[in-house]
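> sequence plus the predicted model coming up.
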Amino acid sequence: MELKNVVIVDFARSPISKAKDGALNAVTPLDISAQVVRQLLARNAKVPQQDIEMLVAGCAFPEAEAGFNIGRCLVIKAGLPVSVAGITVNQFCASSQQALMIVADALSCGKGEIGIVVGLEHMTRIPMGGFNPFFDPELKEKNFYMSMGLTAENLAKELGISREDQEKFAADSHRKALAAWESGTFAREVVPIDLPKGGKCMRDECPRAPEVDKMKSLPLAFDAHGTITAATASPVSTGTAAMLVMTQDKAKSLGIEPRARILSTAVTGCDYTHMGMGPLPASKKALERARLTLHQMDVIELNEAFAAQSLYVIRQGGFPPDKVNILGGAIALGHPLGMSGVRIVGTAITALEKVNGNHALATLCVGGGQGAATVLARK
Amino acid sequence: MKIEHVAIVGAGIMGGHIAAFFANLGIKSDLYDIDRAIAEKTLQKISDPNSKMPVLYTPRFVKRIQPRLISEMEKYLKNADMIIEAVPEKMEIKHKVFTEVDKHRRSDAIVATNTSGLSINAMSRVMSESMARYFLGTHYFNPVRYMPLVEIILSDKSDPKIAEFLIQFYETVGKKPLICKDTTNFIANRIGIFSLMKSISMMDRYRFDVEMIDLITGPPLGNPNTATLRLCDMVGLDTAVEVARNVYLNCPLDEVRDIFKPCAWLERMVQEKMLGEKTGKGFYQKSGDKILTLDIEKWLYRPQNKVKLDIVGAAKEYENAGDRVRVMCQGDNTASRFCRELVLATASYSLHRLGEITDDIAAIDNALKWGFRREIGPIEVLDYIGLERAREWMQEFVIPIPPVLDDIIAKGSVYKSEAGKNYCFAPKAKDFTPLPSAHYVSLEILKQSGKVVRANLSTRLIDLGDSVLLLELDHKMVPTMNPVDEFVIRMMNQVPQVMKEEGFKALVIGNQADNFCAGAQLQMVLEACKEKAWKKIEEMCFSFEKANTDLYHAGFPVVVAPHGMSLGGGMEITLSGHRRVVLSEFYGGLVEVGVGLLPGGGGNLLLLLQFLETMEAANPGPVYPMMKAFELIAYGTVSTSAYDAMDKGIIRQSDHVVYNKDEQIQRAKEVALGMIAGHTAKPLRELYLPGNSGYLVIDAQVDDLVVAGKLTPHGALIARKQAYVLTGGDKASPVEPVSEEYILELEREAFVSLCGEEKSQDRIAYMLKNKKPLFN
């Protein structure tokens, strides 16, 4: 069987809203997601909706208002034809990158021509851990449920990554994100969300001008003898991202100019007590599959779960810092778990277009000890 | 007339507090100022969720207040049923505001000023005839939420019907309105500022420093902890001096007028902006986490002196403020001489004001109690000191003797109680007149009229009429806190029997004390721990659990009426009720963790049941309701109001809220009556709880908190035991329900084992000694 090329036609996302008094707290995850999907399709009017094979939604805690197979709920809520299949997948923070992989793999194998990928998380309406967490005694004994913060402390300890370095990294992330907003770089990817009581949420709420003294005064968040504070971890936040994907042939036949092509993807497991290193083996696999090297990448989107975790990957993997997260990362923008996987793929395209580059890597770590990576090319 | 929408002009702190008062009642308001930023800043302040003294019942009520610009009056002022002016105390500014209001108000809108001392008549002069008729003074006290007094002042043109309407309105919502004459500073501030300036003026002569003044003039003399100088720092020294100056300038006939002239160092404090909290320094200055005190002689801030006086210790032994004042005054030492001079001078000044500011002695006493949180009025105190002795002491200190004092002496006392009625001396009639009788059920009167069915040292069963029985918590030794002891438990266990025998059909649990019930009697628990009387502790738990759960499952309706502190055991009793009639000022929570324990009277089960019931429709699964209960108990969460308690799940959304404490028992009775017909006993329930897999989730969180340095190892031990009980021990799982009895067993086991922990005993001892929790 000959595999088909799969391209990304467009990408849109909601602004990312903060936990405390965030504008999107008033909106359900289904409603936010439906608004994003509708706006994505509205601006791609050439796409025949009856040809859409499936919508796959990634979500880390797909329950309550994000439950009931939210992928299918979204098909109906967004007004897609009932013939479009709706699927929900969960791989924690890689959920929506996995959703992209599922769609891309299917289209590549000839199982359909068009797909929609969604990543969503509403971290205030559905708490991290869900409403009914249960731990298995054996896994608990093996430390499998270790808190994310402590896994990042492990990485910081291993490489001696100082609090100062982490704070500098976090401050840079905020500066880059603010600069991206000021220069209008996010204009294409961010779409407004209507709020129930009138008004719109138009802009990411988490980035702010870094206050270095305040950062230094924050208490340690996870380990009284550690290095990580609230300022050097990604904030609890809410948002949805959506991507329109199709075979290269279909795009051509519709006369659509794709924004990027998917070269390769990879998922992998790693030591769950050091889960933040996941991007290292995942990127290695994905780059090998694309027959490219890290240094051929023009931009790298590395999800910033924690500054310590990002610095670990950058240092251990030899990631060129000036190419990493040039528009700011999750520490500044926010990290709605299920949203981030596809959000960084989309933002990688925005960044590529900004620097007029060709190759991008989008990679992230996953709770429970995993990594995911996707390699893109514009040409 | 109605008040459904109000407008407040002037968005300073008083304006904000008044808007919050209405917001708390569910009344929307527009808060006007010349600059929107002022209103927004005020709103932010009054909705601060971390405030130690929250202004709003819950921060979300801030949405009921809409900031507006003065220039928007034309458009919006007509919405207001009542318009309250709270701009700075300058007559010309007030005149300007009233001229604007006059143009845009609806013709039937009540207009009020919150002035603390300017003339109401002078204000009404600039108004149209129609507005002047609707205009009066409504003077609130800061903090408005916690100070019940509202002084109502009519001008010559005010329509008395408006005042009548407002008095009724304020009473229903729990305020204490008082009609005052239009004289300088009205009643509360006139007398209050006297005693404040008198205290300050005596400092040099008695060679007392700041600490000494506040030690003596605080609770020992029946005043709040803010005493004299701390209160100055709170209200702002410039404001205090301004209020005093207002008397000095406008009351030239005052027999002791010079008291109101600030001394040199007080003037200097104002000049040097040592105004108190608003400028960061006054009599006290916060420095890091320490508080420094002003040394007036050396004019510098120094570390606080620890002052101790035997006489203060002796006074503290008395619950009743009158007894305390008597003890403070009667000694033969400098502090007692100071107290005698201050207390008698204030009484003399108050009595001299009769006829001028009011004709009513009780009005003066009440103004100080309701507006300054004094436990005893300045004239009332004479009954405790002794009238003849008071007269002698006045002579000793060359205090002007008010002629009316001899009339009172002739009658024997200022106040008296006779045959279930209370009387106060009326100066004009030179005889006693009855005080207005209570509008609502008064337990005092019921007790005097032979309605007590049973009684022991800590409780009473009272016949409320209409087949409703009241269980009154009234602890003989600590009647302000009413702790749960063996007598309370015994009486609770007798209730079902008494109900049956005497034909009662519904039960109300409550009291009309300062607080509903502040928890178990810790001294008793600690002693049992020290004696290692584990069996005794377990039995005590068992009978308290039985008392609460029997009521919960009772075939008659149980309505609990908690108010003020309703903590620990008091909260467990609250949870046993089928419905609650809760005072808006409700500070409820299961706080046992603060003394190293967990609820031991069925509180774990009852809170679990409450969450399971209220969430049932949402099919939340076994973990979520348990987790909500765990969070409340593990953090010892206490509500800041009845609405906050509803938001947190401490009480139910369907429980009733009342604003007027006097009304609470009556409302509870009415609610209970309404429940009799439809009531059926709640059956025993099988509980689906998460069991071990859910326990492990909390266990992991506890580990994380210890690593993060946010929980001590002993705190972790308590949390784990708490989790074990609430997750249903070893027997529960999502498919195997456990019985209520099993949860109670787990609770007793955990309670007794924590009692055996030395660190828990340390927590109890620390709480008894320091009145605050130790987190060892």
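Structure's in. What do you need?

> backbone dihedrals for residue 44, please?
No chain specified, so I'll use chain A. phi -120, psi 60 (degrees, to the nearest 10).

> tell me, how many residues neighbour it?
Residue crowding around A:N44 was assessed by other C-beta atoms under 10 Å in any protein chain shown; the count is 16. Yep, even glycine has a C-beta here, placed from its N, CA and C like the rest.

> that one contacts A:L244, doesn't it?
Yes - look at A:N44 against A:L244 with C-beta atoms under 8 Å: they come within range, at 5.8 Å.

> name the SS class of B:V559, please.
strand (DSSP: H, G, I helix; E, B strand; the rest coil).

> any idea how many residues pack against it?
Other residues close to B:V559 by other C-beta under 10 Å number 28.

> so it versus B:A506, what's the distance?
Applying C-beta to C-beta, to the nearest Å, the value for B:V559 to B:A506 is 7 Å.

> where do the contact lists of those two overlap?
B:A672, B:M675 (C-beta atoms under 8 Å, 6 or more residues apart in numbering or on different chains).

> nearest residue to A:G346 other than its sequence neighbours?
A:F11 (3.5 Å; C-beta to C-beta, 6 or more residues apart in numbering or on different chains).

> now the one you found: phi and psi?
The phi and psi values for A:F11, taken as degrees, to the nearest 10, are phi -150, psi 140.

> how near is it to A:V245?
A:F11 is 10 Å from A:V245, by C-beta to C-beta.

> in terms of neighbours, single out the busier of these two.
Neighbour count, other C-beta under 10 Å: between A:F11 and A:V245, A:V245 has more, with 30 against 24.

> list the contacts of that one.
Contact partners of A:V245, counting by C-beta under 8 Å, 6+ apart, are A:6-9, A:100, A:103-104, A:107, A:114-117, A:262.

> and B:D35, how many neighbours?
Neighbourhood size, B:D35 [other C-beta under 10 Å]: 12.

> how about the closest residue to it other than its chain neighbours, what does it touch?
Nearest residue to B:D35 in three dimensions, chain neighbours excluded: B:L69, at 7.8 Å (C-beta to C-beta, 6+ apart). By C-beta under 8 Å, 6+ apart, B:L69 lies in contact with B:Y32, B:D33, B:I34, B:D35, B:R36.

> which of these lies closest to chain A?
Distances from chain A to the contacts of B:L69, taken as C-beta to the nearest C-beta, are shortest for B:R36 (17.7 Å).

> how much space between the closest one and B:L43?
Distance from B:R36 to B:L43, by C-beta to C-beta: 10 Å.

> still on that earlier bit, considering only the contacts of A:V245, which also neighbour chain B?
Of the residues in the contacts of A:V245, proximity to chain B by C-beta under 8 Å from any C-beta of the partner chain holds for none.

> can you show me the helices along the stretch 201-350 of chain A?
Using DSSP state H, counting those that start in this stretch, the helices found in the stretch 201-350 of chain A span residues A:212-217, A:248-254, A:279-290, A:307-317, A:330-333, A:337-355.

> which of those is buried the deepest?
Most buried of these, by mean neighbour count (mean count of other C-beta atoms under 10 Å in any protein chain shown): helix A:330-333, with a mean of 30.

> give me the mean pLDDT for that one.
In this model, helix A:330-333 carries a mean pLDDT of 98.

> again, but for stretch B:387-398
On average, stretch B:387-398 scores 95.

> measure stretch B:46-62 end to end?
8 Å (C-alpha to C-alpha, to the nearest Å).

> okay, now B:A163: neighbour count?
When counting by other C-beta under 10 Å, one arrives at 19 neighbours for B:A163.

> okay, the contacts of A:V245 in a markdown table with pLDDT next?
As requested, the contacts of A:V245 are exported to a markdown table (pLDDT from 0 to 100):
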| residue | pLDDT |
| --- | --- |
| A:V6 | 98 |
| A:V7 | 98 |
| A:I8 | 98 |
| A:V9 | 98 |
| A:L100 | 98 |
| A:V103 | 98 |
| A:A104 | 98 |
| A:L107 | 98 |
| A:I114 | 98 |
| A:G115 | 98 |
| A:I116 | 98 |
| A:V117 | 98 |
| A:I262 | 98 |
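
> quick one on the thing from earlier: what sits in contact with each of B:R36 and B:L43?
B:P67.

> neighbour-wise, which of these two wins?
Taking other C-beta under 10 Å, B:R36 and B:L43 do not tie; B:L43 has more neighbours (22 against 15).

> what sits against the more buried one?
If you count contacts by C-beta under 8 Å, 6+ apart, B:L43 has them with B:G16, B:L31, B:V62, B:I65, B:P67.

> contact partners for the residue nearest to A:R315 when sequence neighbours are not counted?
Among residues not flanking A:R315 along the chain, A:L159 sits closest, at 6.0 Å (C-beta to C-beta, 6+ apart). Neighbour list for A:L159: A:L311, A:Y312, A:R315, A:Q316 [criterion: C-beta under 8 Å, 6+ apart].

> and the residue of chain A closest to chain B?
Nearest to chain B in chain A, going by C-beta to the nearest C-beta, is A:A224, at a distance of 2.8 Å.

> rewinding a little: any residues in contact with both of A:N44 and A:L244?
A:V9, A:D10.

> dump the contacts of A:L159 to a markdown table, plus pLDDT.
Below are those laid out as a markdown table (pLDDT from 0 to 100):
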| residue | pLDDT |
| --- | --- |
| A:L311 | 98 |
| A:Y312 | 98 |
| A:R315 | 98 |
| A:Q316 | 97 |
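
> including distance to B:A321, could those go into TSV?
Converted to TSV, those look like this (distance: C-beta to C-beta, whole Å):
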residue	distance to B:A321
A:L311	63
A:Y312	65
A:R315	69
A:Q316	71
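
> A:E304 contacts A:Y312, correct?
No - counting by C-beta under 8 Å, A:E304 does not reach A:Y312; the two are 11.5 Å apart.

> now do the shared contacts for those two.
Counting by C-beta under 8 Å, 6+ apart, nothing touches both A:E304 and A:Y312.

> all strands of the stretch 1-150 of chain A, in order?
Using DSSP state E, counting those that start in this stretch, the strands of the stretch 1-150 of chain A run over A:6-13, A:17-18, A:52-58, A:85-89, A:114-122.

> domain ranges for chain B?
Domain assignment for chain B by automatic domain parsing gives B:5-180, B:188-434, B:441-531+B:539-590+B:643-669, B:592-637+B:683-776.

> can you check the distance spanned by the shortest one, start to finish?
Which is domain B:592-637+B:683-776. This stretch, domain B:592-637+B:683-776, spans 14 Å end to end (C-alpha to C-alpha).

> highest average neighbour count across the strands of the stretch 1-150 of chain A?
strand A:114-122 (a mean of 31).

> and stretch B:34-41, what's buried?
B:I38, B:A39, B:K41 (16 or more other C-beta atoms under 10 Å in any protein chain shown).

> next one: stretch B:350-363
By 16+ other C-beta under 10 Å, the buried positions in stretch B:350-363 come out as B:S350, B:L351, B:H352, B:R353, B:L354, B:I357, B:T358, B:D360, B:I361, B:A362, B:A363.

> can you list contacts of that stretch?
With C-beta under 8 Å, 6+ apart as the test, stretch B:350-363 has contacts from B:178-181, B:183, B:186-187, B:190-191, B:255, B:364, B:377-379, B:400, B:402, B:404-405, B:414-415, B:424-428, B:435.

> now the most centrally placed residue in chain A: how far from A:L364?
By C-alpha atoms, centre = their mean, chain A has its centre lying nearest to A:S340, at 1.6 Å. Applying C-beta to C-beta, the value for A:S340 to A:L364 is 6 Å.

> overlap in contacts of these two?
What both A:S340 and A:L364 touch, as defined by C-beta under 8 Å, 6+ apart, is the set A:C93, A:N303.

> backbone dihedrals for B:P303, please?
According to degrees, to the nearest 10, B:P303 has phi -60, psi 150.

> again, but for A:F134
According to degrees, to the nearest 10, A:F134 has phi -130, psi 140.
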